[in-house]
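*Asks:* I'll drop the sequence and a predicted model, then ask my questions.
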Amino acid sequence: MAYQPIENHGIIGDMKTIALCAMNGMIDWFCFPRFDSPSVFGAILDDKRGGYFRIAPVEERVTTKQFYWPDTNVLVTRFFCTDGVVDVVDYMPVGGVGGEDGSPEVVRRVSMVRGSLDLLIDCYPSFNYGRTPHTASIGKHGALFESEDLSLALTSETELSLDELSGNQREERGILTNGPGVHTRFTLSEGDSATFVLHEAPKEGSHAESHRLSMEESHQLFERTVAFWRDWISQCTYTGRWREIVRRSALVLKLLTHHQTGAIVAAPTCSLPEHIGGERNWDYRYTWIRDAAFTLYSLLRIGFTEEAAQFMKWIEARAHELAEDGSLQIMYGVDGEHELAERTLDHLEGYKGSSPVRIGNGAYQQRQLDIYGALMDAVYLYNKYATPISYDLWIDLRRLVNWVCENWKQKDAGIWEFRGAEKDFTYSKLMCWVALDRGIRLADQLAYPSERDRWHQVRDEIYETIMEHGFNEELGSFVEYFDGDTLDAATLVMPLVFFVSPTDRRMVGTLDQTLRSPREGGLVSNSLTYRYNVSNSPDNLESKEGTFNICSFWLVDAMTREGASNPERLDHARLIFEQMLGYANHLGLFAEETGPTGEALGNFPQAFTHLALISAAYNLDRILSDHRL
């Protein structure tokens, strides 16, 4: 199978893991049983060895549409053929087919809308990123795929057939998975349906029959899943402009939330490239501390207090796990795992030949000073808009703020996680200022003991140092690192964290410089925003990259705040925001980056981007309403 473009995918999930479903009816990414588990289907990283599960018409000349059932994460792929129309409805039941909190299950319901069609099922798992062999057999209730560490069953009332192709025939078809699969042809007529459930193989003597659904049972399960998502999204309090994309972003974030810990993974995929054929291929199936403040702010602003509280518990647990010196790790597994060793999978060619394929993330060992401000800002927001924090948590936070006092002058890898190039990054120092500022505010609000005088002194010292070394007078802009001359879109966050007034000449100058085209030394190309100039930044990587979608939404947020007193800037902010919405895919999902021809690049979908979209939409809508525009 040819690689499906990143943007040609939707996602389904159950808050334990996620599957990517392409417009051609193929699931080409599915990790089991967690977001960060090894893949079972991974054709998006190697279309021959990765494995996939496809249901589609035999006819090749088809028109396809893909959409979510309104207000849900139930995905519909509709095929329009010469002889009929068929829907493939994909979802993962929350709590499982049996209604219990078991392992993840993928339900694929095929319904013949009109006419009669021959359909194909190709199910070729490739366990453990294609490293572990497996066997396959056909039984009473479907197919069974067994590997050394994991066994999965594909259950259906439709009769399934094992792939009986020879080795040469499999190779001719481009199937190099480490074991056999199911290759079945069947016919449906108008009104017919068939349901397929992929699930962990039942242990001997358990109820395999419970996963074999009749038409009525299939419909009931579908209705139960639709009801779950509609009940959940009904809690959303946002009623402003761009309501549909905000609600879709909320539904995406819920899918990326681990059901037990409340941690939100940065993305459900790994190693999707930031440049086709390049080396910027990272594993994002973990939770970053720096996402914390944006997560709490966005969730609380649109009414999801329960999710905010759950994520806050995860943050609090990490605050209790400070290193002996009081420092904090930058990212963790969804259960709070500390070890995220990075490895390359050299047997996989990578998306469209983009290698190396990486799992794990070596950046977890980096020093990134901005995370302290992110954590303190998250706690501050939660304390302000939700529930006052406990004294037990304050003990750890106080220790953390004191660590920042002692270490803020260190060089670090920065928000963009440069490898082998530590500098005095302006954004890192900014967030150290945020850590101290929020520590002072919390201590004052809660009357908790603190080293208040010291914190005030260091906070002011950081502020003056940023103004002296992080602002380039000749350029008229804040810059990427101290005494440099390179722009960095991360500095757009300054008015968002109340470091500087959005109308301060330094911030206005930074916006003006950023808004120039890359040819003129800026970062913005028709609303699309680069995070920095790759050729003039110390990232030690040779390949190019696309524009960063989160940076475009940061830009909108910063312009909106200035726009409260500058109607021309406000109009421009709205234009950029609405142009950016046009770069979402057909389902309203954003990858990390947008490529030079508008294609999605990087891991998909990215939580950080959708969080920034919610924030930008909320603030822009509020200011526009104040101005009655």
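*Replies:* Structure's in. What do you need?

*Asks:* contact partners of the helix or strand hosting residue 54?
*Replies:* Using DSSP states H and E, residue 54 maps to strand 52-57. With Cβ atoms under 8 Å, 6 or more residues apart in numbering as the test, strand 52-57 has contacts from 1, 24-28, 30, 41, 43, 62, 79, 81, 86, 88, 106, 108, 110, 117-125, 196, 198. In this view, the C-beta of every residue, glycine as well, is placed from N, C-alpha and C.

*Asks:* Using PDB, list the CA coordinates for that strand.
*Replies:* The C-alpha coordinates for strand 52-57 follow below in PDB (Å, rounded to 0.1, in the frame of the first residue of the first chain):
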ATOM      1  CA  TYR A  52      -2.400  -2.400   8.400                       C
ATOM      2  CA  PHE A  53      -6.100  -3.200   8.600                       C
ATOM      3  CA  ARG A  54      -8.100  -2.100   5.500                       C
ATOM      4  CA  ILE A  55     -11.800  -2.400   4.600                       C
ATOM      5  CA  ALA A  56     -12.700  -0.900   1.200                       C
ATOM      6  CA  PRO A  57     -14.600  -1.600  -2.000                       C
END
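
*Asks:* quick one: strands adjacent to it?
*Replies:* Next to strand 52-57 in the sheet, as set by DSSP bridges, lie strand 26-31 (antiparallel), strand 106-124 (antiparallel).

*Asks:* for the stretch 151-300 of the chain, what spans make up the helices?
*Replies:* 167-172, 215-233, 243-255, 292-301 (DSSP state H, counting those that start in this stretch).

*Asks:* got the ones you listed as CSV, with mean neighbour count, distance to residue 584 and mean pLDDT columns?
*Replies:* As requested, the helices of the stretch 151-300 of the chain are exported to CSV (neighbours: other Cβ atoms under 10 Å; distance: least, Cβ to Cβ, whole Å; pLDDT from 0 to 100):
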stretch, mean neighbour count, distance to residue 584, mean pLDDT
helix 167-172, 11, 37, 78
helix 215-233, 16, 18, 94
helix 243-255, 21, 7, 98
helix 292-301, 25, 17, 93
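
*Asks:* In JSON lines: those, plus distance to residue 410.
*Replies:* Below are the helices of the stretch 151-300 of the chain laid out as JSON lines (distance: least, Cβ to Cβ, whole Å):
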{"stretch": "helix 167-172", "distance to residue 410": "54"}
{"stretch": "helix 215-233", "distance to residue 410": "43"}
{"stretch": "helix 243-255", "distance to residue 410": "33"}
{"stretch": "helix 292-301", "distance to residue 410": "21"}
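
*Asks:* can you tell me which of these comes nearest to residue 624?
*Replies:* Across those, residue 624 has its closest neighbour in helix 243-255 (13.8 Å, Cβ to Cβ).

*Asks:* Show me how far the closest one is from its chain's centre.
*Replies:* 12 Å (Cα atoms, centre = their mean, to the nearest Å).

*Asks:* Report the contact partners of residue 128.
*Replies:* 38-39, 147, 149-150.

*Asks:* Quick one, which of the helices of the stretch 151-300 of the chain gets closest to residue 594.
*Replies:* So among the helices of the stretch 151-300 of the chain, helix 243-255 is nearest, using Cβ to Cβ, at 15.6 Å.

*Asks:* any idea of the angle the closest one forms with helix 292-301?
*Replies:* With axes from the mean of the first three to the mean of the last three Cα atoms, to 10 degrees applied, the angle from helix 243-255 to helix 292-301 works out at 120 degrees.

*Asks:* rewinding a little: which of the contacts of residue 128 count as buried?
*Replies:* 38-39, 147, 150 (16 or more other Cβ atoms under 10 Å).

*Asks:* just to revisit the earlier point, same list, the strands paired with strand 52-57, but as TSV with distance to residue 395, mean neighbour count and mean pLDDT please.
*Replies:* Formatted as TSV, the strands paired with strand 52-57 follow (distance: least, Cβ to Cβ, whole Å; neighbours: other Cβ atoms under 10 Å; pLDDT from 0 to 100):
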stretch	distance to residue 395	mean neighbour count	mean pLDDT
strand 26-31	37	26	98
strand 106-124	44	21	97
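
*Asks:* among those strands, which is nearest residue 265?
*Replies:* Using Cβ to Cβ, the strands paired with strand 52-57 put strand 26-31 closest to residue 265, at 10.7 Å.

*Asks:* Residue 347: which of the helices of the stretch 151-300 of the chain is closest?
*Replies:* helix 167-172 (15.9 Å).

*Asks:* Check the offset of the closest one from the chain's centre.
*Replies:* 36 Å.

*Asks:* now stretch 496-512
*Replies:* That offset, for stretch 496-512, works out to 29 Å (Cα atoms, centre = their mean).

*Asks:* Enumerate the positions of that stretch that are buried.
*Replies:* 496-497, 499-500, 502, 506-511.

*Asks:* what does that stretch rub up against?
*Replies:* 373, 377, 430-431, 433-434, 437, 463, 466-467, 471, 475-478, 487, 491-492, 494-495, 554-555, 557-559, 561-562, 564-566, 569, 615.

*Asks:* how much space is there between residue 488 and residue 298?
*Replies:* Separation of residue 488 from residue 298 (Cβ to Cβ, to the nearest Å): 22 Å.

*Asks:* what's the answer for residue 504, then?
*Replies:* Per Cβ to Cβ, residue 504 is found 25 Å from residue 298.

*Asks:* Kindly report the same for residue 243.
*Replies:* 15 Å.

*Asks:* Run through the residues that contact residue 588.
*Replies:* Per Cβ under 8 Å, 6+ apart, neighbours of residue 588: 244-245, 248-249.

*Asks:* if we go to 7 Å?
*Replies:* 245, 248 (Cβ atoms under 7 Å, 6 or more residues apart in numbering).

*Asks:* before we move on, what about residue 364?
*Replies:* With Cβ under 7 Å, 6+ apart, residue 364 has these contacts: 329-331, 340.

*Asks:* Filter those down to just the buried residues.
*Replies:* 329-331, 340.

*Asks:* Any chance of a markdown table for those residues, columns distance to residue 164, pLDDT and secondary structure?
*Replies:* Output for the buried ones among the contacts of residue 364, formatted as a markdown table (distance: Cβ to Cβ, whole Å; pLDDT from 0 to 100; DSSP: H, G, I helix; E, B strand; the rest coil):
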| residue | distance to residue 164 | pLDDT | secondary structure |
| --- | --- | --- | --- |
| 329 | 50 | 95 | coil |
| 330 | 50 | 96 | coil |
| 331 | 46 | 96 | strand |
| 340 | 42 | 96 | coil |
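
*Asks:* would you list those residues in JSON lines and tack on distance to residue 166?
*Replies:* Shown next, in JSON lines, are the buried ones among the contacts of residue 364 (distance: Cβ to Cβ, whole Å):
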{"residue": "329", "distance to residue 166": "50"}
{"residue": "330", "distance to residue 166": "50"}
{"residue": "331", "distance to residue 166": "46"}
{"residue": "340", "distance to residue 166": "41"}
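
*Asks:* how many other residues sit next to the closest residue to residue 276 other than its chain neighbours?
*Replies:* Excluding the flanking residues, the one nearest residue 276 by Cβ to Cβ, 6 or more residues apart in numbering is residue 352, at 5.4 Å. If you count neighbours by other Cβ atoms under 10 Å, residue 352 ends up with 16.

*Asks:* The chain should start at 67 in everything you say after this.
*Replies:* OK, 67 is where the count begins now, so the last one is residue 418.

*Asks:* Now residue 674. Nearest residue, chain neighbours left out?
*Replies:* Spatial nearest neighbour of residue 674, excluding adjacent residues (Cβ to Cβ, 6+ apart): residue 616 at 5.1 Å.
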